[in-house]
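A.B. asks: okay, structure incoming, though there's no sequence with it:
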């Protein structure tokens, strides 16, 4: 019998490619996304509307997914949003949307799905963090904060649920060419009058270039599928190019000021 996977953020980006790879690998995948509220955008009967920022929507998704497959073997949280801007210039609503989607979206899904897994004394929870969960870069302050929150939450969760036979894995992707412009927003205050604007323009040009020339999202999806077929799930999986792995190592080794200077130069600051 094929393993059952519920995945959020499945209609675009890395969530879409992960869902496809899992289906190709023989998993039974229930896909959730906000865009599936439009029936025309559903590819099959296992596409369900899901807004992870809404408690009501999450509950509805869980009820409907249970009716389709029963309790999942794996929950994957891929839903995410990025808002580019200066830390000083973010409005509260912009930061809240990023946190509600990336971090609180995860905690909502866990709160609804974990009890089902715990009763069976088995299950796997996988959440897409990011390289930004390990280090920060300019103009991604809200996103980086949300991913750091996810990293801390997942580390605690991993220890708490182990006695119940449940495994937790954090996926930490680097840049991937996955259509990320679909979820990339710009802070409304990042206008020409903003004192950061000139440097911001240079920085986001580097960010866009790295994303457009990023790693293959198809390969990432296949790596997730292979990991889920293993007897033991890794606690973390950093999927990135060698230079981004190196950046993580330098972040941990170099003095903070020196590393910040190094990263600032890369982003032309």
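C.D. replies: Ah, there it is. What you see is a predicted model, and the numbers here were worked out from it, not measured in a lab.
A.B. asks: name the element residue 56 belongs to?
C.D. replies: Assigned by DSSP states H and E, residue 56 falls within helix 55-69.
A.B. asks: for that helix, list every residue counted as buried.
C.D. replies: Buried residues in helix 55-69, counted by 16 or more other C-beta atoms under 10 Å: 57-58, 61-62, 65, 69. In this view, the C-beta of every residue, glycine as well, is placed from N, C-alpha and C.
A.B. asks: do the same with stretch 211-220
C.D. replies: In stretch 211-220, counting by 16+ other C-beta under 10 Å, buried: 211, 214-215, 217-218, 220.
A.B. asks: what residues does the helix holding residue 56 touch?
C.D. replies: 4, 6, 28, 30, 32, 45-46, 48-52, 72, 108-109, 112-113, 116 (C-beta atoms under 8 Å, 6 or more residues apart in numbering).
A.B. asks: could you list which of those residues belong to helices?
C.D. replies: Those of the contacts of helix 55-69 mapping onto helices are 108-109, 112-113, 116, per DSSP state H.
A.B. asks: now the buried members of the residues you listed.
C.D. replies: Applying 16+ other C-beta under 10 Å to those flags 108-109, 112-113 as buried.
A.B. asks: A strand includes residue 79, no?
C.D. replies: No - under DSSP: H, G, I helix; E, B strand; the rest coil, residue 79 falls outside any strand and is assigned coil.
A.B. asks: quick check: closest non-adjacent residue to it.
C.D. replies: residue 9 (3.3 Å; C-beta to C-beta, 6 or more residues apart in numbering).
A.B. asks: which residues does the one you found contact?
C.D. replies: Applying C-beta under 8 Å, 6+ apart, the residues near residue 9 are 15, 32-33, 52, 77-80, 128.
A.B. asks: what about it, distance to residue 257?
C.D. replies: Applying C-beta to C-beta, to the nearest Å, the value for residue 9 to residue 257 is 36 Å.
A.B. asks: now swap in residue 223 and tell me
C.D. replies: 35 Å.
A.B. asks: what are the ranges of the helices in the stretch 101-250 of the chain?
C.D. replies: 104-120, 141-161, 197-212, 217-228, 242-253 (DSSP state H, counting those that start in this stretch).
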